[in-house]
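K.L.:
sequence and predicted structure, then a few things I'm wondering about:
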Amino acid sequence: MKQREDIKVISENRKAWHDYFIDEKYEAGLVLTGTEVKSLRLGHAMLRDGYAAVENGELFLYNVHISPFEQANRFNHEPLRKRKLLMHKQEIMRLMGRVREKGYTLVPLQLYFKQGRAKVEIGLAHGKKQYDKRRDIAEREAQRDMQREFRGKL
């Protein structure tokens, strides 16, 4: 994955690309506590089971694990708490309409710092069937075999 100099990737959700077709991507800011930011700077986050949902016109991120900061005292954060996402109201309303359609969900794809601010890239996705997953695996293996053959002939 390409990285620009102003973006530092903390965590990626590779399983989302395996389980879902990603139709659109959106960038959202995160409302975090101080210990969460310190833990993120150390790279202690996991997006695997996370999802986003619209609640009362606001967007929230659920099941994203940010490990407690080891040097913190009693004011440490809850690792799996729901976190508010910051987006424009029009974008949230558009997402809310799309999520109400059958089969669509919002999954976090990437967590990163952009110009010192924590951001999350969320994808509007619909689930893959088992045969879609098998087809993707077969295509990936065929591509790998072609690359291996090509390298062998050089």
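P.N.:
Yep, that arrived.
K.L.:
now the lengthiest helix in the chain: mean pLDDT?
P.N.:
Assignment by DSSP state H gives helix 130-153 as the longest helix of the chain. Averaging pLDDT along helix 130-153 gives 81.
K.L.:
can you pull the poorly scored residue ranges out of this protein?
P.N.:
Applying pLDDT under 70 to the chain flags the ranges 1-5, 72-73, 77, 154.
K.L.:
how about the strands in it?
P.N.:
Using DSSP state E, the strands of the chain run over residues 7-12, 20-30, 45-46, 51-55, 58-62, 65-66, 83-86, 104-114, 117-127.
K.L.:
please convert those to CSV, extending it with mean neighbour count.
P.N.:
Any C-beta I mention is one placed from the backbone N, CA and C, and that applies to glycine too. Listed next are the strands of the chain as CSV, based on neighbours: other C-beta atoms under 10 Å:
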stretch, mean neighbour count
strand 7-12, 17
strand 20-30, 16
strand 45-46, 18
strand 51-55, 18
strand 58-62, 18
strand 65-66, 20
strand 83-86, 18
strand 104-114, 20
strand 117-127, 20
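K.L.:
apart from its neighbours in sequence, what residue is nearest residue 86?
P.N.:
Spatial nearest neighbour of residue 86, chain neighbours left out: residue 29 (3.6 Å); criterion: C-beta to C-beta, 6 or more residues apart in numbering.
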